[in-house]
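J.: Mind folding the following:
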Amino acid sequence: MLGNAVSRDGSKRRALILVENLSVPFDRRVWQECTTLRDAGWTVDVICPQGSKRDTEPEAEIGGVRIHRYPLRAATGGPAGYLKEYGSALWHTARLARKVGPVDVVHACNPPDLLFLPALWLKRRGARFVFDQHDLVPELYLSRFDRGQDLLYRAVCALERRTYRAADVVLATNESYREVAIRRGGRRPDDVFVVRSAPAVERFQPVPPEQELKRGKPHLLCYLGVMGPQDGVDYALRALAKLRDEVGRTDWHAVFVGSGDAFDAMVELSRELGLTDQVQFTGRIPDADLVRYLSTADVCLSPDPRNPLNDVSTMNKVLEYMAIGRAIVSFDLKEARVSAGDAAVYAPANDEAQFAKLITVLLDDPEKRARMGKIGQERISGPLSWRNSQASLLAAYAAASRDRTTESAGDPVRTRKRLRR
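T.: So this is what the prediction gives:
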């Protein structure tokens with residue numbers, strides 16, 4: 001089977017996926033990977049944190065995938081809070097990994113770059129280690145905390161190096177991340193596979209627009225995504241204030257869908273900018289309501305500022321806007337252009353005034369918006385489809401499994417001893 005899903009004795013191979021950042025199946029990328037492996041014949045287990053409002057059960061089996069969840073409180077109070085969070089996550093992950101038992105592949109998803117520790121324990125028992133690099137943690141640290149290359153920055157760089165070194169195969173979310181794995185991580189090009197995140201198209205099927213969502217205005221602007229310090233919601237709000245005050249446009253209502261640790265600060269910034277009557281914050285909402293807003297939106301916003309992380313990262317929000325056929329305004333970032341192409345217009349990096357002017361350009365040109373939306377949908381169903389990522393994921397697993405088979409054939413005595421540890 002694809003991905004070497006069957007062992008030499010004819011039994012199914014087993015994969016264990018480790019996640020700390022989100023619960024599963026709420027983590028869409030991880031869930032797509034789970035179901036792809038399951039459909040290719042793998043037995044799949046997942047260890048992840050429990051969600052606060054969903055994915056709350058400690059144990060679940062969904063669609064044949066076994067999910068083992070642990071309680072985790074998100075970090076507060078600076079570095080000490082993160083040490084407490086990560087220490088708890090590692091302890092629970094190790095505990096549950098022992099419960100799961102022997103596996104053929106351990107697949108660890110960052111952040112943080114600490115899951116190589118339980119992965120190494122499983123490697124010593126015969127597993128292969130697939131590192132799924134969702135974020136560049138050193139760049140995330142620089143972009144989120146604005147502390148420069150201090151001691152903690154050097155520490156996260158060291159952890160990233162250890163993770164690269166421990167991995168048998170690396171999954172990168174785009175070509176920029178792949179270049180980092182090769183250049184900074186010292187990985188062979190043949191060991192790094194690009195597995196792009198892709199929206200679940202069945203989740204983003206357009207529905208008829210609902211004029212009442214525009215709150216009496218001709219146009220609706222929409223932001224979807226996480227609201228953290230590096231996500232640019234503050235840039236979007238300041239751009240909307242300029243759209244009103246400098247461009248003179250008040251014919252719009254804006255909705256911001258999502259949550260995060262900057263949510264309260266963004267609500268307060270909206271109030272300070274005098275946008276309360278025109279900007280709505282929904283928090284996280286059910287998929288059906290999300291699709292209603294996106295289907296009604298005239299323009300979608302991707303205000304991620306240029307920083308060391310954002311310039312080389314693929315933004316899920318951009319892909320989701322494209323899936324539902326919306327025109328996008330983005331800052332000019334390297335990977336934003338790779339993803340959206342002509343489905344977006346690009347303001348100079350971090351230039352809020354130009355961002356506002358490009359919103360006006362699109363509001364005044366419905367035909368251009370329609371063309372851009374069609375381009376986006378074609379890209380999502382074509383070169384950016386999950387179908388292509390599935391092939392790359394299974395190729396990565398085949399490479400990891402092939403290496404293991406070769407190692408076993410080359411030194412059967414050493415391999416048997418390792419498996420008995």
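J.: Would you mark the buried spots in stretch 251-270?
T.: 252-260, 262-263, 266-267, 269-270 (16 or more other CB atoms under 10 Å). Glycine gets a C-beta too; all of them are placed from N, C-alpha and C.
J.: cool, stretch 305-312 as well?
T.: Quick answer for stretch 305-312 (16+ other CB under 10 Å): 305-307, 309-312.
J.: so which of those residues comes closest to residue 223?
T.: Nearest to residue 223, judged by CB to CB, of the buried residues of stretch 305-312 is residue 305 at 13.8 Å.
J.: ok, back up a step: which one of the buried residues of stretch 251-270 is nearest to residue 365?
T.: residue 252 (14.6 Å).
J.: State the pLDDT value of the nearest residue to the closest one once chain neighbours are set aside.
T.: Counting by CB to CB, 6 or more residues apart in numbering, residue 219 is the residue found nearest to residue 252 once chain neighbours are left out, at 4.3 Å. At residue 219 the predicted local confidence, pLDDT, stands at 98.
J.: Residue 219 is in contact with residue 362, isn't it?
T.: No. Counting by CB atoms under 8 Å, residue 219 does not reach residue 362; the two are 9.3 Å apart.
J.: list the residues that contact both of these two?
T.: 298-299 (CB atoms under 8 Å, 6 or more residues apart in numbering).
J.: Low-confidence ranges, the chain, go.
T.: 1-4, 6-10, 76-78, 403-421 (pLDDT under 70).
J.: rerun at 90
T.: 1-12, 52-54, 73-84, 143-148, 200-203, 228-230, 260-261, 402-421 (pLDDT under 90).
J.: the strands in it, which residues?
T.: 14-19, 43-49, 59-62, 65-70, 105-109, 128-133, 169-172, 192-194, 219-224, 252-257, 279-283, 299-302, 327-331, 344-347 (DSSP state E).
J.: Packing partners of the fourth one?
T.: Translated: strand 65-70. helix 28-39, strand 43-49, strand 59-62, helix 79-100 (3 or more CB pairs under 8 Å, 6 or more residues apart in numbering; DSSP states H and E).
J.: switch the cut-off to 7 Å
T.: strand 43-49, helix 79-100 (3 or more CB pairs under 7 Å, 6 or more residues apart in numbering; DSSP states H and E).
J.: picking that back up, want to try CSV for the strands of the chain, with distance to residue 390 as columns?
T.: Formatted as CSV, the strands of the chain follow (distance: least, CB to CB, whole Å):
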stretch, distance to residue 390
strand 14-19, 14
strand 43-49, 14
strand 59-62, 19
strand 65-70, 16
strand 105-109, 15
strand 128-133, 14
strand 169-172, 12
strand 192-194, 12
strand 219-224, 24
strand 252-257, 28
strand 279-283, 32
strand 299-302, 26
strand 327-331, 25
strand 344-347, 25
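J.: gap between stretch 247-259 and the chain center?
T.: 25 Å (CA atoms, centre = their mean, to the nearest Å).
J.: do the same with stretch 99-109
T.: 21 Å.
J.: what does that stretch rub up against?
T.: 13-19, 30, 45, 68, 115-116, 119, 122, 125-132, 134, 397, 400-401 (CB atoms under 7 Å, 6 or more residues apart in numbering).
J.: Just the buried residues of those residues.
T.: Buried by 16+ other CB under 10 Å: 13-19, 30, 45, 68, 115-116, 119, 122, 126-132, 134, 397, 400-401, out of these.
J.: Next, the contact list for residue 328, please.
T.: 300, 302, 318, 321, 340, 343-344.
J.: For the residues you listed, could you give me JSON lines that also reports neighbour count and distance to residue 225?
T.: Putting those into JSON lines (neighbours: other CB atoms under 10 Å; distance: CB to CB, whole Å) gives the following:
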{"residue": "300", "neighbour count": "28", "distance to residue 225": "10"}
{"residue": "302", "neighbour count": "26", "distance to residue 225": "8"}
{"residue": "318", "neighbour count": "25", "distance to residue 225": "9"}
{"residue": "321", "neighbour count": "33", "distance to residue 225": "10"}
{"residue": "340", "neighbour count": "26", "distance to residue 225": "14"}
{"residue": "343", "neighbour count": "26", "distance to residue 225": "17"}
{"residue": "344", "neighbour count": "27", "distance to residue 225": "15"}
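J.: List just the nearest of those to residue 227.
T.: The closest of these, once distances to residue 227 are taken by CB to CB, is residue 302, at 13.4 Å.
J.: hey, what's that closest one bridged with?
T.: residue 330 (DSSP bridges).
J.: Next one: it from residue 37, what distance?
T.: Applying CB to CB, to the nearest Å, the value for residue 302 to residue 37 is 30 Å.
J.: For the closest residue to residue 340 other than its chain neighbours, give its distance to residue 197.
T.: Nearest residue to residue 340 in three dimensions, chain neighbours excluded: residue 318, at 5.4 Å (CB to CB, 6+ apart). Per CB to CB, residue 318 is found 10 Å from residue 197.
J.: so how far is stretch 266-273 off the chain centroid?
T.: With CA atoms, centre = their mean, you get 27 Å for stretch 266-273.
J.: ok, residues contacting that stretch?
T.: Under CB under 7 Å, 6+ apart, the answer for stretch 266-273 is 227, 233-234, 237-238, 241, 276, 279, 281.
J.: Would you mind writing the CA trace of it as PDB?
T.: The C-alpha trace of stretch 266-273 is given here as PDB (Å, rounded to 0.1, in the frame of the first residue of the first chain):
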ATOM      1  CA  MET A 266      -8.100  44.200  19.600                       C
ATOM      2  CA  VAL A 267     -11.700  44.900  20.800                       C
ATOM      3  CA  GLU A 268     -10.200  47.700  22.900                       C
ATOM      4  CA  LEU A 269      -8.200  49.100  20.000                       C
ATOM      5  CA  SER A 270     -11.400  49.100  17.900                       C
ATOM      6  CA  ARG A 271     -13.100  51.100  20.500                       C
ATOM      7  CA  GLU A 272     -10.200  53.600  20.800                       C
ATOM      8  CA  LEU A 273     -10.300  54.100  17.000                       C
END
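J.: Pull out the buried residues from stretch 139-154.
T.: 139-143, 153.
J.: same check, this time on stretch 285-300
T.: Within stretch 285-300, the residues that qualify as buried are 285, 290-300, counting by 16+ other CB under 10 Å.
J.: now those residues in a markdown table, with distance to residue 350?
T.: Listed next are the buried residues of stretch 285-300 as a markdown table, based on distance: CB to CB, whole Å:
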| residue | distance to residue 350 |
| --- | --- |
| 285 | 29 |
| 290 | 27 |
| 291 | 30 |
| 292 | 31 |
| 293 | 26 |
| 294 | 25 |
| 295 | 30 |
| 296 | 29 |
| 297 | 23 |
| 298 | 24 |
| 299 | 19 |
| 300 | 19 |
